[in-house]
Structure formats: C-alpha cells, structure tokens
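In: Give the three-dimensional model of this entry:
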Amino acid sequence: MKRLGKIVSIVPVIAKADTLTIEERQEFKERIRQDLAGHGIRVYPQKEYDEDPEERFLNDRIRENIPFAVVGTDKEHQVNGNKVLGRKTKWGIIEVENVAHCEFANLRDLLIRSHLQDLKDVTHNIHYETYRVRRLNESNINFIERGLSTWPLENGTADKCESDSHL
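Out: Here you go, the predicted structure:
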C-alpha cells in the first residue's frame with residue numbers, strides 16, 4: 001500500500017463489516033488508522049491538498065470515518081413497506097443505505113458526489129504526471145547508459161553523418 005499510494009489514490013474499506021460487532025468494528029478501524037499512520041501510507045483525501053477552510057472541515061469529517069465499514073449486497077428486502085438494499089440475517093436486515101448499519105452511503109458520497117472532480121484532478125495532475133516524469137527520466141537514463149544523446153534530433157540531421165556511413 002505504501003508503494004501503491006504513490007501512484008493511485010487509496011480509500012481504505014472494511015468489507016463485510018456486518019461480521020463485526022460495533023465495538024469490534026471501532027477497534028479494527030482504529031488499528032487500521034494506526035497502521036496507516038505508522039507506515040506513512042497516505043490515503044485520499046490527503047491533508048496537503050486541502051486549500052480552503054470549508055474544504056478542510058469536510059475532509060476532516062471524511063478522514064474520521066476512514067476506513068469505511070461497508071456491507072455489500074444486490075438483494076432488495078421489504079422494511080416497513082419500503083424496498084431497501086440489504087443483507088438478511090437471523091437478527092434482521094442490515095440496510096446498505098442506512099448509515100447506522102453501514103458506511104456505504106458515506107463512501108458513495110465521497111467518491112461520486114462531493115469529491116469526484118477532485119479525485120479526477122488528483123489522479124491526472126499528481127499521480128499521472130508523477131508517473132510520466134518518472135518514466136521520462138528512466139528513458140533518459142537508458143539513453144545515457146547506451147551512450148546516445150538525450151536531446152531530440154533537429155529535423156533528423158544531427159546524426160546524419162553517422163547514418164550516411166551505413167549506406
């Protein structure tokens with residue numbers, strides 16, 4: 001995850017959170033937060049990209065929920081006369097959209113509603129550009145190791161005498 005965090009935005013998620021009690025879930029989330037901080041793993045949204053106070057406040061609230069504890073399902077159930085997405089257990093129905101049961105709604109809000117454009121911008125302007133610069137530098141090192149010029153040929157004439165000798 002440390003290496004991956006340099007090339008993509010990481011949003012930690014605890015899957016199948018319905019297998020944990022509320023206390024276990026909180027302890028697990030805290031242990032994950034400590035591990036992330038202890039290993040220097042940067043997760044989205046990063047503090048260093050918060051620009052204005054309102055954005056900082058929203059992102060701080062999001063960071064408090066990380067990692068998101070989610071429950072997934074594709075089945076609908078009847079709850080109080082309404083159809084809801086949820087997982088049926090012998091204790092009742094765990095509703096995916098209910099924030100008291102699952103943090104899927106918070107995750108969806110982060111990824112699709114409030115931060116979609118920012119996520120695209122961070123991916124393009126930071127992650128892709130960092131990757132591109134690294135690859136260009138690697139290709140320049142390969143040229144230097146082979147004794148080739150790293151400067152582009154001017155109209156294809158810079159090394160003309162060398163190519164003429166092969167004709």
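
In: got the CA positions of the longest strand that the chain contains in CSV?
Out: Identified as the longest strand of the chain according to DSSP state E is strand 82-89. This file holds the C-alpha atoms of strand 82-89, laid out as CSV (Å, rounded to 0.1, in the frame of the first residue of the first chain):
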residue,chain,number,x,y,z
ASN,A,82,-40.3,0.1,1.6
LYS,A,83,-37.9,-1.9,-0.6
VAL,A,84,-34.3,-1.5,0.6
LEU,A,85,-31.0,-3.0,-0.4
GLY,A,86,-29.8,-5.1,2.4
ARG,A,87,-28.5,-8.4,3.7
LYS,A,88,-30.8,-10.6,5.7
THR,A,89,-29.5,-12.2,8.9
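
In: In terms of secondary structure, what does that strand contact?
Out: Using 3 or more Cβ pairs under 8 Å, 6 or more residues apart in numbering; DSSP states H and E as the contact test, the elements touching strand 82-89 are strand 76-79, strand 92-95. Where C-beta positions appear, they are placed from N, C-alpha and C, glycine not excepted.

In: can you pull the buried residues of the last one?
Out: Right, strand 92-95. 93-95 (16 or more other Cβ atoms under 10 Å).

In: same thing with stretch 32-47?
Out: Across stretch 32-47, burial judged by 16+ other Cβ under 10 Å covers 32-33, 36, 41, 43-45.

In: Also stretch 94-106?
Out: 94-96, 98, 101-106.

In: ok, the buried residues of strand 92-95 vs Asp18, which is closest?
Out: Among the buried residues of strand 92-95, Ile94 lies closest to Asp18 (Cβ to Cβ), at 4.9 Å.

In: give the contact list for that closest one.
Out: Neighbour list for Ile94: 18, 71, 86-88, 101-102 [criterion: Cβ atoms under 8 Å, 6 or more residues apart in numbering].

In: and if you look at Ser9?
Out: Applying Cβ under 8 Å, 6+ apart, the residues near Ser9 are 43-44, 119, 122-123, 127.

In: For Val11, state which of the residues you listed is nearest.
Out: Taking Cβ to Cβ as the measure, Val11 sits nearest to Tyr44 out of the contacts of Ser9, at 5.3 Å.

In: before we move on, back to that, can you pick out the most distant pair from the buried residues of stretch 32-47?
Out: Using Cβ to Cβ, the buried residues of stretch 32-47 reach their maximum pairwise distance at Ile32 and Pro45, which is 16.8 Å.
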